[in-house]
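**Q** Structure for the following, please:
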Amino acid sequence: MDSQQGRYGSMPDECRSNLMFHIGARHSSPRAAKLERHESRLLNMGIRGASVRRVFVVAVWAAVASTVASAASVAAQTVTRIDIIRAEDARGKGPEGIQPILAGLRDPALRETAIRAIGRLERPELIQHLVPYLDDSATRSTIAEALAQALSGPPQQAGDRALVDSVFNLLRTRAVSESAGPTKGVIARSIGRLPYSEPRQARAAESVLIGLLPVQTERLNAPAMEGIAQGLYSLARARRALGNLSTPAAEWLRHASTVAYGRPEAVTVRRLAWLALTAAGAVDRREVSVALSLELDAQVRRLAVAALPNVQDSAFQREQLARAAHDRDPLVRLEWVRVYRQLAAATDCGPLLAAMSDTIHHVRLAAIDALGGPCPERGSIVSALRLTIENGPSGASARTGLRVSWHARAHALSALARIDGDAAKDLLRRDSRHPVWQVRMYAARGAAAIRDSALLTSLAFDPVGNVREVAIQGLSATLGHLADLVYVRELSSKDYHVVLAAARALRGAPVRDSVLPGILDALERITREQHQTSRDPRMEMLARVREMGGRTDVVRLRPMLGDVDEAIASEAASVMNQLVSGEQYAPTARPVRRNVLPAGGPVRLRITMSAATGGGIFDVVLDGERAPMTTARVVELVRDRYYDGLTFHRVVPNFVLQGGSPGMNEYVGDGPFLRDELSLEHHARYTLGISTRGRDTGDAQWFINLVDNYRLDHDYTVLGKVVAGFEVVDRILEGDVMESVRVVGN
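**A** Reported below is the predicted structural model:
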């Protein structure tokens with residue numbers, strides 16, 4: 001076997017011959033010569049054997065083919081930032097494919113935009129286009145991020161061990177030689193989040209990250225430490241599949257969790273170290289005690305409280321909980337409520353009863369929720385909850401920034417139902433007719449807790465879809481298929497989330513003749529609406545057709561092959577092929593996108609909250625550089641007054657606020673779907689993200705991070721950040737209304 005066959009012998013004959021042809025031609029191209037130099041670099045870095053054959057050889061063949069065979073067309077192509085962004089937004093499926101992106105790589109002014117676009121496409125075969133630019137210090141951080149993001153696609157691609165090993169080696173070598181702290185941090189962060197599938201890969205990554213640390217940690221600048229800590233956090237989160245962190249890694253994280261209290265720039269390092277230690281189950285008493293007694297940062301103290309269940313010392317836990325109960329910051333007291341419920345409430349709920357008088361709405365409501373569990377002071381708690389219900393408004397009631405409205409009454413209803421069904425039953429029935437629909441929704445949750453099927457059946461006919469959804473879920477858990485006729489009726493709802501709940505409840509229905517026609521009718525009706533945002537209920541109904549349908553039902557699915565949603569078209573084809581063996585149906589989806597001009601820079605919005613739901617004003621600045629299409633779409637909706645009058649329908653203290661849905665729920669938003677625009681930006685406290693239900697399914701609902709949510713990084717678009725009115729954001733409650741949203745400047 002000659003040397004070329006030895007190197008490329010595992011490739012198919014046709015690919016080998018094509019590659020040999022292009023290798024012979026590539027020496028005439030400066031670009032090809034550069035690729036040859038990178039091949040040598042990869043070999044020198046230890047990417048050998050199968051990795052070379054499967055990664056770089058394929059990369060060279062593809063790169064040379066695209067460079068030599070079509071060099072003239074690419075070189076002649078003049079592209080703009082808008083061309084690149086639109087090609088990315090089309091996910092490379094537009095008329096010009098990815099050519100505008102590849103052409104953008106050749107222009108230093110556009111290169112960073114093009115590199116980011118390649119990563120966002122999440123197509124591992126495109127990684128080879130990034131390799132020649134690893135020496136470009138101006139874009140090295142973006143390349144590291146793009147390499148990791150490109151491997152974040154479907155598992156069958158991301159699980160290719162050889163490809164992951166090759167990218168790991170690229171990043172490892174660059175991390176060791178990198179002198180710029182911020183860039184070293186980004187590379188470390190990227191190493192930690194590669195999709196490793198074997199413990200040996202994770203241990204190698206961990207070893208590299210620890211090896212990046214100097215002997216004296218304080219000498220490493222904060223951005224580099226931050227990246228290393230986040231890389232270890234990613235590995236710690238994957239420990240159930242890949243194994244525990246090593247002792248040296250845990251020891252460094254313990255040190256980092258308490259390092260440099262006097263350095264404000266190191267606070268993010270401490271937060272990440274705490275997250276990693278908790279994910280790894282490696283917290284000990286010393287770190288918790290130091291944090292709760294000396295730490296100035298509320299988020300670190302919150303994380304120390306959250307870590308208490310990992311410390312196996314009940315006396316120490318109670319001592320630290322007593323300290324946290326009176327912390328000056330509501331973030332810490334909120335976490336205290338949750339952890340106290342878990343660790344101590346079974347023997348003493350007195351502190352939770354006292355927390356019902358906290359000065360902060362969210363803490364009071366969290367305490368009410370926590371009282372809906374086992375407590376020795378049952379009589380006192382039942383009385384307190386009943387009093388809260390009776391003192392709550394019996395009708396619609398405005399609230400100021402200093403008081404709640406229906407919230408305490410509704411939360412107390414649900415909590416009372418969980419601990420005393422007899423005491424709650426009459427109150428639930430009374431409030432199932434409350435004029436505020438959110439109270440009726442909480443009543444439905446309470447009815448599900450006490451398994452009151454009669455009340456749930458009544459609430460399943462409520463005029464508001466959000467109430468019906470909860471009632472259907474409760475009926476499914478209580479009566480199962482005895483309520484199938486109710487579920488079939490709700491398939492005709494205009495509310496997608498109600499149809500979804502009904503279709504789920506019909507899974508495994510024993511009497512199919514009365515179910516399948518309703519499923520097919522609802523599928524046809526919703527498909528005619530041509531809304532991508534109907535994906536979830538239609539996917540669930542297609543699952544029911546797969547389960548119950550037959551050959552004669554295929555004709556009714558045929559229109560879905562050309563749907564506006566590629567996922568629906570593909571699933572419909574799969575279902576049809578299963579129902580009619582021997583025939584092959586193929587999707588012919590017709591995706592639609594809005595013709596929006598990408599934003600070019602920051603845009604400032606002003607959100608004015610309704611005076612009837614707390615009032616106040618806060619400003620956000622949208623990131624039109626890193627999220628240009630998302631920013632442009634949101635600004636378009638703002639100018640159309642889309643958000644005026646919409647609510648924050650989901651409020652999870654110490655996590656997120658979510659709003660912007662015309663249906664006041666997760667499943668009703670604006671279409672067609674937004675594409676994710678993932679970047680190096682963190683989901684830090686007060687940043688805005690775009691809500692999705694899977695990759696590239698944004699429907700213009702946004703969320704505001706209430707704490708640093710690093711686990712959301714690289715999965716959700718960071719749209720912007722709050723820059724003024726933080727206290728208004730902190731007091732927003734479920735159902736609070738955005739009176740107006742306006743553009744006030746760039």
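
**Q** average pLDDT across stretch 408-420?
**A** Summarised as a single mean, pLDDT over stretch 408-420 is 97.

**Q** so where's the chain uncertain?
**A** 1-77, 154-159, 215-220, 260-263, 400-402, 746 (pLDDT under 70).

**Q** just so I have it, where are all the strands in it?
**A** 603-609, 617-622, 647-652, 656-661, 687-690, 702-705, 718-724, 738-745 (DSSP state E).

**Q** Same list (those) but as a markdown table, adding mean neighbour count and distance to residue 168.
**A** (C-beta placed from N, C-alpha, C; glycine too.) Compiled in a markdown table, those are given as follows (neighbours: other C-beta atoms under 10 Å; distance: least, C-beta to C-beta, whole Å):
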| stretch | mean neighbour count | distance to residue 168 |
| --- | --- | --- |
| strand 603-609 | 20 | 38 |
| strand 617-622 | 20 | 35 |
| strand 647-652 | 20 | 35 |
| strand 656-661 | 22 | 32 |
| strand 687-690 | 24 | 28 |
| strand 702-705 | 24 | 30 |
| strand 718-724 | 21 | 26 |
| strand 738-745 | 15 | 44 |
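
**Q** possible to save the ones you listed as JSON lines with distance to residue 304?
**A** Formatted as JSON lines, the strands of the chain follow (distance: least, C-beta to C-beta, whole Å):
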{"stretch": "strand 603-609", "distance to residue 304": "32"}
{"stretch": "strand 617-622", "distance to residue 304": "29"}
{"stretch": "strand 647-652", "distance to residue 304": "20"}
{"stretch": "strand 656-661", "distance to residue 304": "21"}
{"stretch": "strand 687-690", "distance to residue 304": "23"}
{"stretch": "strand 702-705", "distance to residue 304": "20"}
{"stretch": "strand 718-724", "distance to residue 304": "25"}
{"stretch": "strand 738-745", "distance to residue 304": "35"}
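
**Q** so which of the ones you listed gets nearest residue 542?
**A** strand 656-661 (23.9 Å; C-beta to C-beta).

**Q** got the angle between the closest one and strand 603-609?
**A** Here strand 656-661 runs at 90 degrees with respect to strand 603-609, directions being taken by axes from the mean of the first three to the mean of the last three C-alpha atoms, to 10 degrees.

**Q** Run through the residues that contact residue 588.
**A** 561, 562, 569 (C-beta atoms under 8 Å, 6 or more residues apart in numbering).

**Q** quick one: the last one from residue 582, how far?
**A** Between residue 569 and residue 582 the distance, using C-beta to C-beta, to the nearest Å, works out to 21 Å.

**Q** can you check the first one too?
**A** Taking C-beta to C-beta as the criterion, residue 561 is separated from residue 582 by 18 Å.

**Q** Next: the second one.
**A** Distance of residue 562 to residue 582, given as C-beta to C-beta: 22 Å.

**Q** From the neighbour counts alone, determine which of these two ranks first.
**A** residue 562 (12 against 5; other C-beta atoms under 10 Å).

**Q** so how many other residues sit close to residue 221?
**A** The burial count for residue 221: 15, using other C-beta under 10 Å.

**Q** Could you find the closest non-adjacent residue to it?
**A** Nearest non-adjacent residue to residue 221, counting by C-beta to C-beta, 6 or more residues apart in numbering: residue 181, 3.7 Å away.

**Q** The one you found is in contact with residue 223, isn't it?
**A** Yes. Counting by C-beta atoms under 8 Å, residue 181 touches residue 223, with 4.8 Å between them.

**Q** Make sure residue 567 is actually in contact with residue 536.
**A** No. Contact criterion C-beta under 8 Å: residue 567 and residue 536 do not qualify, at 10.2 Å.

**Q** domains of the protein?
**A** 3-241, 479-592, 603-745 (automatic domain parsing).

**Q** which ones are touching residue 677?
**A** 120, 626, 627, 628, 629, 630, 717.

**Q** Over to residue 421?
**A** Residue 421 neighbours (C-beta under 8 Å, 6+ apart): 449, 450.

**Q** What's the separation between it and residue 718?
**A** Distance, residue 421 to residue 718, using C-beta to C-beta: 44 Å.

**Q** again with residue 285
**A** From residue 285 over to residue 718 (counting by C-beta to C-beta), the distance is 36 Å.

**Q** CA-only coordinates of stretch 113-121, as CSV, when you get a sec.
**A** Output of stretch 113-121 as CSV, limited to C-alpha atoms (Å, rounded to 0.1, in the frame of the first residue of the first chain):
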residue,chain,number,x,y,z
THR,A,113,-19.9,37.4,11.8
ALA,A,114,-19.2,34.5,9.4
ILE,A,115,-17.4,32.4,12.1
ARG,A,116,-20.3,32.9,14.5
ALA,A,117,-22.7,31.8,11.7
ILE,A,118,-20.8,28.6,11.0
GLY,A,119,-21.1,27.6,14.7
ARG,A,120,-24.8,28.4,14.8
LEU,A,121,-25.5,26.1,11.8
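
**Q** Which residues does that stretch contact?
**A** For stretch 113-121, using C-beta under 8 Å, 6+ apart, the contacting residues are 81, 84-85, 87-88, 91-92, 98, 101-105, 107, 126-127, 129-130, 133, 139, 142-143, 145-150, 626, 675-679.

**Q** of these, buried ones?
**A** 81, 84-85, 87-88, 91-92, 98, 101-105, 126-127, 129-130, 133, 139, 142-143, 145-150, 626, 675-679 (16 or more other C-beta atoms under 10 Å).
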